[in-house]
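Colleague: please find the sequence and the predicted model below.
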Amino acid sequence: MRSQTRKAALILLLACLTTNLAACAPGVQATPQENPPQNVVLLQSKIQRETSPAADTQELKDLAAGNSAFAFDLYQVLRGKPGNLFYSPYSLSIALAMTYAGARRATEQQMAATLHYTLPQEQLHPAFNALDLALADEGNKQEGAFRLDVANSLWGQEDFPFRQEYLDLLARNYASGLRLVDYSNDTHREQARQAINAWVSAATQGKIEELIGKEILTDTTRLVLANAIYFKGEWSAPFLNGTQEAPFTRLDGSQVSVPTMSRRATTPYAAGGDFQAVDLPYKGERIAMLVLLPAAGQFGAFESRLNQEQVQAILQDLEASDVKLYMPKFQFSAAYELEEALKAMGMPDAFDKERADFSGMYDPQKVAGNLYLSHVVHKAFVAVDEIGTEAAAASGIVAESVSMPVELRIDRPFIFLIHDLQTGTILFVGRVVDPQAE
């Protein structure tokens, strides 16, 4: 019994979260707390973040393609859950990449295959850095454009032998320092949990208050990696034609009356035999929401086929059209524990107490036991309204033309993706089957 306890003595917790705020307070910016709370020591690598990473356009495209493939693999696992869905494959991929940096041998190979990391480690992490810098720069330099903030933090056991080269890699590519805490006793562990949750709350403007529940951390936890992604954006063409109650037909055929927005604008539009699609850009014309509306009675069949190739084909078929669009307002939260999903997708060794190999993170010769993943926690929040945010409620009025527009009523379950038009990166994936659900 003593031997089994020692083998399970070192646990890695991966905490990942996201919030997409399309209806947030004016002027709000996502800023994680900079000063560590009491009983937390911030250990920073002397290595500064690389602000001009060596990553070319092809590497960014490869990274985006892999992220898209992972996004839809995960969708196919999660779609069996009832109700609305919302998650960020980009956020998950970043957080798991920080873990992957310490994976070795079969664990590394399985993670690469599951997450569709096609670039070698020495290219992958600079590519993530370059993509994050590009998105942040584009969002901040254009007045009135979207805002996309990504923040990372590590919370490690104070006496654990983390490798300096691992900490340097994360500092260089993910701008993440290591906060030293104590998981060894109940009092200090609770203080660590509260500190992590406070960081999460600050990074998401209070939208996610309790990422780490009391049952998650144990006296064998040794590392928590947290990633927060915060998005807000205003529609390029807001919904200013009036919002009225209208019926929405749920999957079981029942109807509910929901606030339904309307607008008429030139919009990228495509239609196939079993779907209609519109791509709704945010200000800055860099980020857009692709809305996929399966034909009546075809939702299950459509989403069962949803994959990277299908979405790419739809994006290529989009053409600027005069569209009169009716779309429900919605706001809801989602929470997932993804250990079983990731195992099923092809990376079981990472969660196995015996087989996991994260020796790139620490020196196995200095500890008795093995480091493995115990939890992958993902929480998300999304809110969509007429303007996109409350910051500029009077902007973007679009004059209507006199020609007959395409009319699209999103009055039944639909799928939506928020994606980067420049690199093809999918930032968020969602499914709305009931706009009233929270």
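Modeller: Sure thing, it's come through.

Colleague: go ahead and confirm Met361 touches Leu223.
Modeller: Yes. Using CB atoms under 8 Å, Met361 is in contact with Leu223, at 7.3 Å. Any C-beta I mention is one placed from the backbone N, CA and C, and that applies to glycine too.

Colleague: ok, those two, which is more surrounded?
Modeller: A direct count of neighbours by other CB atoms under 10 Å for Met361 and Leu223 places Met361 higher, at 28 against 25.

Colleague: quick check: the more buried one vs Leu63, distance?
Modeller: 22 Å (CB to CB, to the nearest Å).

Colleague: got it, and Gly80?
Modeller: From Gly80 to Leu63 the distance is 28 Å (CB to CB).

Colleague: and for Glu122?
Modeller: Glu122 is 14 Å from Leu63, by CB to CB.

Colleague: these two: who's more crowded?
Modeller: The residue with more neighbours, out of Glu122 and Leu63, is Leu63; 26 against 9, by other CB under 10 Å.

Colleague: was I right to think that one contacts Leu131?
Modeller: Yes. Counting by CB under 8 Å, Leu131 is a contact partner of Leu63 at 6.2 Å.

Colleague: which residue ranges form the helices in this structure?
Modeller: Taking DSSP state H, the helices of the chain run over residues 2-7, 57-78, 89-100, 105-115, 121-141, 164-174, 186-203, 299-304, 308-317, 339-345.

Colleague: mean pLDDT for those: which is lowest?
Modeller: With a mean of 35, helix 2-7 has the lowest mean pLDDT of the helices of the chain.

Colleague: before we move on, back to that, winner for burial among the helices of the chain?
Modeller: Mean neighbours per residue, mean count of other CB atoms under 10 Å, is largest over the helices of the chain for helix 89-100, with a mean of 24.

Colleague: before we move on, the earlier item: joint contacts of Leu63 and Leu131?
Modeller: The overlap between the contact sets of Leu63 and Leu131 (CB atoms under 8 Å, 6 or more residues apart in numbering) consists of Thr423, Thr425.

Colleague: which stretches of the chain have low pLDDT?
Modeller: 1-39, 42-44, 137-144, 387-404 (pLDDT under 70).

Colleague: any idea which residue is closest to the centre of it?
Modeller: Central residue of the chain (CA atoms, centre = their mean): Ser88, 2.1 Å from the mean position.

Colleague: for that residue, what are phi and psi?
Modeller: Ser88 has phi and psi values of phi -120, psi 100 when expressed as degrees, to the nearest 10.

Colleague: Tyr230 contacts Phe146, doesn't it?
Modeller: No. Tyr230 lies out of contact with Phe146 (CB under 8 Å); the separation is 10.9 Å.

Colleague: common neighbours of these two, please.
Modeller: If you check Tyr230 and Phe146 against CB under 8 Å, 6+ apart, no residue is contacted by both.

Colleague: can I assume Glu438 is in contact with Gln331?
Modeller: Yes. In terms of CB under 8 Å, Glu438 counts as a neighbour of Gln331; the distance is 6.8 Å.

Colleague: ok, the residue lying closest to Thr260 once chain neighbours are set aside to Ala265 distance?
Modeller: Closest residue to Thr260 in three dimensions, ignoring its sequence neighbours and counting by CB to CB, 6 or more residues apart in numbering: Ala246, at 3.9 Å. Distance of Ala246 to Ala265, given as CB to CB: 19 Å.

Colleague: no more questions from me, cheers.
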